[in-house]
Structure formats: structure tokens, C-alpha cells
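Structure, please.
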Amino acid sequence: MIYPGATIARRRLLAAAALAAVPGARAGGTDAYAALRLPAMAVRSPESAVLLDVASTGERLVAVGERGVIALSDDGARRWRQAHSVPTSVTLTAVKFADSQQGWAVGHGGVVLATQDGGEQWTLLADGRLLAAQAEEAARRRPDLPGLAKEAALLVADGPDKPLLDLHVGGAGRLFVIGGYNLAFESADGGRNWRAALERMDNPKARHLNVVATRGDTWLIAGEQGLLMRSRDAGGSFRRLESPYAGSWFALIASGRSEWIVAGLRGRAYRSIDDGDSWTALDGAPPASFVSAAASSHDGEVLLANQAGQFFRARGGSPALAALAIPSLPPLTQAFPMADGGLLALTLAGIVRLPEKTVT
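Numbers count the residues shown, from 1 in each chain. Alright, predicted model coming up:
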């Protein structure tokens, strides 16, 4: 099954590709998903690759993207090098760290990777085949949910062709990963063992789950066609929320002490101060889709990035977005405010490091 095309390669947009397949693979052949087990493509300048997400370990920046490329910087994004060992060459869509050494990344083909040394070396913990088997196990546990059995059977029949798009890293080794077509799985031991969570999703049409954000035991998931879901029990169960917009969401963040901001197609952005029960529009952006949301260096403010290469600041309490006065950039995939006041922009043309005080 091939996903609908999207306009840019973005971690929360389903990229138009054969997902885990490699160029030249035989249609229907045994090597159709060879990229799952092929090492990452070696590149001369990883900072020029299409990178979709970035995380900080404290002293190091780790960015992930197409063809399994993982780029590392130890000097504030001035110089980059490729990770020493990455066992897959599928597109990686999201990365998060628990501390300076332990991190996880997810990507196409249901891939989950882990590192224990700050991103230098990575191991493959799971792929779509393993996750499909866990979905089958969940269906056996819940014979009262015939829809779950059908969903699990489709995952097995389709093969590992679906992407994971985001992840939550909790305490004590808890991981929660989500993706296209209602993919939702969790691990309680850092990814050594997995359990399906598909049956917890209030998502009967199996819409894509694009992004997850958390504040304490309250979790929100935003996805395709306006899908919004909330958990009050730290991911134990989810219920749909009334969405203020029918288009897809690609950015979600818990901002400040009480706010949530969600944004997506056609420059739509909304704020909630009651955990998603109601939403207020944030105006001032052109009709270019938002692709990421990040906490600004200013407490309580959020930085939104869009496909047009623009950045907008959402200030607490203000109904309007404020555009940042920066040079024109290529289409963005992610924005990362840095501790020194600068801004790291991930674009389709590579990484751009904007000067200090850019976001002030």
C-alpha cells in the first residue's frame, strides 16, 4: 500500500515514496523492503541532506532524515558529521532523547532505532513486521473488537510499508510511537518488547496519527482530517475531541503551564487553555501549511514553521501570530530554537543556522 503524496518531505507528512522500498527493487520481489536492513546511505555533507527532525542531548544536536541519515553536531550546528553506525536506510521521521546518551528514532517501515551513546551508534529495535505481529496478538486478546482483527490482518498482509511519524519518551524506559493508518504501539522497557495500542485509539476510520504531545498524564494526538484525541491516563485510553478544523494537523505542543497549540494545513493554528475542550483561532499566517511547533527561548511562547519557509511566534494570550523578520528560506521541515537565542532551520535544501537573537 502506498501513501498519498505530500508536497514536502516532512516527518508528519506522509512522503510520496515506496516507504521502505529501495530504488530498483523488484516489484513484488523478496527484496521490496530491503532498505529496512541496509545501512544508512553514506553522504559527504549530512547537513545538506533532507533532515526531518532534530533533538538535543544537552551538548550535541542529533538530526534524522531521508535514507537513514543521522547527522551530529558538537559545536552548536556549525559543523556536522554522520553517525558512525545506522542499520537502516529508510527515511527517519522523528527523534527524541531521554538523557545525554539514550535516544530513540522512528521512521518508515515501522522502524524504531535506539542509541546508548548519544547518537554515534544505533540498533534496530522494531520494524513493521514485528509491530504487525503485536497487532495480531492484541486482536487475539480482544475478540470483542472485530475491527481490531481486521486492522491487524491488513498490517500483516500489506507488509512493513507504513511509517511511524512521532514518539513520546517517558520515564523508566516507556516509549509510545504513532504513525500512519492508526499505528500506535508502546514499550515499557526501552523498546526491547512491544505491545499494540491500536485498540485504545478512538479512530474508527484509521486516520493517520501525525503527532503526539504530553503534559503530565494528559496526552493529545493530532492527525489526519482534523483528528484530535486526548488521554487523561497517560496513554491508557484515548477519546476524540471536537476539532476546530477539518484539515490535517502536523504540529502540536503543550505550551506554558496550561496551553496547547495545534497547527496544520493552510496555515490554520489554534490555542486551547482547557486541555482541548475548546479552541481559539490564531490568525495572521498565510495559507501555507504549518509543519512544526517548538518552545521558544522565551518562556511560554511557541515558534511555528511553515512550508513557505516562514516562522511565526505565538505569544501567550494573544490571538494573533507574529511573523519573524528573517531572510527567505526553502520549504521548512522543522524549526529548533537554540539556547543562545539562534534558530536551527531544517529545510529541503539542508540545515540553515540562523544567527543569535533571531527569535528574540
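
Could I get the buried residue list for stretch 51-65?
Within stretch 51-65, the residues scored as buried using 16 or more other CB atoms under 10 Å are 51-55, 57, 60-65. C-beta: built from backbone N, CA, C; applies to glycine.

Also stretch 271-285?
Here stretch 271-285 shows 271-273, 275-276, 279, 282, 284-285 as buried, counting by 16+ other CB under 10 Å.

Stretch 136-149 too?
136, 138-139, 148-149.

Stretch 328-336 too?
In stretch 328-336, counting by 16+ other CB under 10 Å, buried: 329-336.

what's the answer for stretch 95-111, then?
Of the residues in stretch 95-111, 95-98, 102-111 count as buried by neighbour count, 16+ other CB under 10 Å.

do stretch 108-127 as well
Going by neighbour count (16+ other CB under 10 Å), the buried part of stretch 108-127 is 108-115, 118-120, 122, 124-127.

Sitting in strands, which of these do you find?
If you go by DSSP state E, the buried residues of stretch 108-127 have 112-115, 124-126 in strands.

tell me which of these is nearest to I178?
Checking those against I178 with CB to CB, the nearest one is V112 at 11.7 Å.

any idea how far that closest one lies from E151?
For V112, the distance to E151 equals 19 Å [CB to CB, to the nearest Å].

Could you give the number of residues near the closest residue to S243 other than its chain neighbours?
In this structure, S243 finds its nearest non-sequential neighbour in G226, 3.9 Å apart by CB to CB, 6 or more residues apart in numbering. Other residues lying near G226 total 21 when counted by other CB atoms under 10 Å.

ok, now which ones touch the closest residue to G191 other than its chain neighbours?
Excluding the flanking residues, the one nearest G191 by CB to CB, 6+ apart is L125, at 3.8 Å. Going by CB atoms under 8 Å, 6 or more residues apart in numbering, L125 touches 104, 112-114, 187, 191-192.

What is the nearest of the residues you listed to L343?
Closest approach to L343 among the contacts of L125 (CB to CB): W104, at 24.8 Å.

Make sure A138 is indeed in a helix.
Yes - checked against DSSP: H, G, I helix; E, B strand; the rest coil, A138 lies within a helix.

how about the nearest residue to it, chain neighbours excluded?
In space, A138 is closest to A196, 3.8 Å off (CB to CB, 6+ apart).

which ones are touching that neighbour?
131, 134-135, 137-138, 152, 184-185.

ditto for G276
Applying CB under 8 Å, 6+ apart, the residues contacting G276 are 220, 228, 230, 241, 260.

What's opposite the residue nearest the centre of the chain in the beta bridge?
Compute the mean C-alpha point of the chain, and by CA atoms, centre = their mean the closest residue is D166, 3.2 Å away. Assessed by DSSP bridges, D166 has beta-bridge partners I178.

doesn't L92 make contact with it?
No - with contact defined as CB atoms under 8 Å, D166 does not count as touching L92 (11.8 Å).

where exactly do the helices run in the stretch 1-150 of the chain?
For the stretch 1-150 of the chain, the helices defined by DSSP state H, counting those that start in this stretch cover 128-141, 146-158.

Next, format those as JSON lines and append mean pLDDT and distance to M201.
Formatted as JSON lines, those follow (pLDDT from 0 to 100; distance: least, CB to CB, whole Å):
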{"stretch": "helix 128-141", "mean pLDDT": "97", "distance to M201": "12"}
{"stretch": "helix 146-158", "mean pLDDT": "94", "distance to M201": "10"}
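
In CSV: those helices, plus distance to L175.
Compiled in CSV, these are given as follows (distance: least, CB to CB, whole Å):
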stretch, distance to L175
helix 128-141, 12
helix 146-158, 19
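
closest one to N306 among the ones you listed?
Among those, the nearest to N306 by CB to CB is helix 128-141 (30.4 Å).

Does anything pack onto that closest one? Which helices or strands?
helix 146-158, strand 195-196 (3 or more CB pairs under 8 Å, 6 or more residues apart in numbering; DSSP states H and E).

Between the buried residues of stretch 328-336, which sits nearest L38?
Using CB to CB, T333 is the member of these that lies nearest L38, at 23.1 Å.

any weak-confidence spans in this protein?
For the chain, the stretches with pLDDT under 70 are 1-31, 297-299, 356-360.

hang on, the earlier thing: would you mind listing the residues touching both of D166 and L92?
Counting by CB under 8 Å, 6+ apart, the residues touching both D166 and L92 are V106.

So for stretch 174-193, first residue to last residue, what's the gap.
Using CA to CA, to the nearest Å, the gap from the first to the last residue of stretch 174-193 comes to 11 Å.

What of stretch 39-49?
The first residue of stretch 39-49 is 16 Å away from its last residue (CA to CA).

quick one: contacts of it?
63, 65-71, 73, 80-83, 85-89, 349-351.

Which ones among these lie within strands?
Taking DSSP E as the definition of strands, these contribute 63, 65, 70-71, 73, 81-82, 350-351.
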